[in-house]
Each structure stands twice: as C-alpha cells, then as structure tokens.
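Student: No sequence on hand, only this structure:
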C-alpha cells in the first residue's frame with residue numbers, strides 16, 4: 001500500500017464526517033485493511049499521490065486541483081511529517097511501525113502545530129486517535 005506522509009496522522013484519527021462520500025468510503029476501506037493486517041507493508045510517499053488520493057474529488061492527472069495553494073500545502077505537509085517522523089521518502093515500513101511512530105510523535109500537543117492549516121484539524125482534535133485502531137496495531 002502507498003500512503004502519503006501527511007496521511008500518516010489522518011488515518012489513526014479518521015471518521016466519516018467532513019469528507020466526500022466516495023473519498024470517505026475509500027479511506028474507510030484503507031483503514032480497515034491496515035487494522036486487519038498490521039504487518040502489511042506501507043510505502044511512504046512525499047509529494048506524490050497515494051492510495052487515499054485515488055478517490056479524492058480534487059485529484060487531477062499529476063497534482064491536486066483544489067487550488068494552487070492547497071497543492072503546495074499538501075506537498076509541504078508531506079515534507080513536514082517526513083521530517084517530524086524522520087522517515088525517508090519511498091521507503092517501505094510495516095503498518096504497525098509507521099503508524100505507532102506517527103501516533104507517538106504526532107500527539108495532541110504537536111498535532112495543532114504540525115497540522116495547523118488543515119481544514120479538518122478541529123475534527124481531529126475533537127476526535128483524537130481511534131483507540132481501537134491503536135489496539136489493532138498491537139496484534
């Protein structure tokens with residue numbers, strides 16, 4: 001599975017609200033696959049579309065078409081998360097390793113700083129990490 005770096009903090013906090021239905025269903029399927037197989041391989045991407053972007057309303061051929069500002073912002077977010085988690089682009093990790101690292105480093109104290117311009121930040125802060133997601137990764 002291919003996951004953009006900035007999605008590493010979104011997946012453990014995912015809920016259906018605030019998303020397009022097609023995007024949300026895709027995200028739900030991806031979350032379920034990860035939860036069922038915590039040892040699956042995740043290739044972490046930076047600045048490139050991943051399996052989540054595939055169902056986004058704003059995905060164009062080679063960039064985010066929501067706006068030029070958003071397109072730049074998501075690339076910046078990928079780089080910021082890669083640095084925060086000390087990950088290398090295009091490297092493969094197990095799901096449990098990369099998401100446990102993300103949940104450890106991107107905690108309530110840091111998420112508001114790291115994700116400060118995200119339109120869904122308020123929801124993530126309210127919801128927090130899905131405890132059953134965390135538990136499933138321990139298998």
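Tutor: Great, that's in hand. The structure presented is a predicted model; accordingly, all values stated were derived computationally and were not measured.
Student: and the closest residue to residue 73 other than its chain neighbours, how many neighbours does it have?
Tutor: Leaving aside its chain neighbours, residue 73 sits nearest to residue 117 (6.2 Å; criterion: Cβ to Cβ, 6 or more residues apart in numbering). C-beta coordinates here come from the backbone N, C-alpha and C atoms, glycine included. Neighbourhood size, residue 117 [other Cβ atoms under 10 Å]: 11.
Student: Residue 117 falls within a strand, correct?
Tutor: No: checked against DSSP: H, G, I helix; E, B strand; the rest coil, residue 117 lies outside a strand; its state is coil.
Student: from what I can see it touches residue 70, true?
Tutor: No: taking Cβ atoms under 8 Å as the definition, residue 117 is not a contact partner of residue 70, at 9.5 Å.
Student: helices or strands up against the helix or strand hosting residue 44?
Tutor: Following DSSP states H and E, one finds residue 44 within strand 41-45. Applying 3 or more Cβ pairs under 8 Å, 6 or more residues apart in numbering; DSSP states H and E, we find strand 41-45 packed against strand 2-4, strand 92-94, helix 95-105.
Student: and if we set it to 10 Å?
Tutor: Applying 3 or more Cβ pairs under 10 Å, 6 or more residues apart in numbering; DSSP states H and E, we find strand 41-45 packed against strand 2-4, helix 68-85, strand 92-94, helix 95-105.
Student: who wins for proximity to residue 48 among these?
Tutor: strand 2-4 (7.1 Å; Cβ to Cβ).
Student: So for the helix or strand that that closest one is followed by, what gets flagged as buried?
Tutor: Per DSSP H and E, the first helix or strand lying C-terminal to strand 2-4 is helix 21-36. Buried residues in helix 21-36, counting neighbours by 16 or more other Cβ atoms under 10 Å, are found at 23-24, 26-27, 30-31, 34-35.
Student: Give me the distance from helix 21-36 to the chain's centre.
Tutor: How far helix 21-36 lies from its chain's middle: 11 Å, per Cα atoms, centre = their mean, to the nearest Å.
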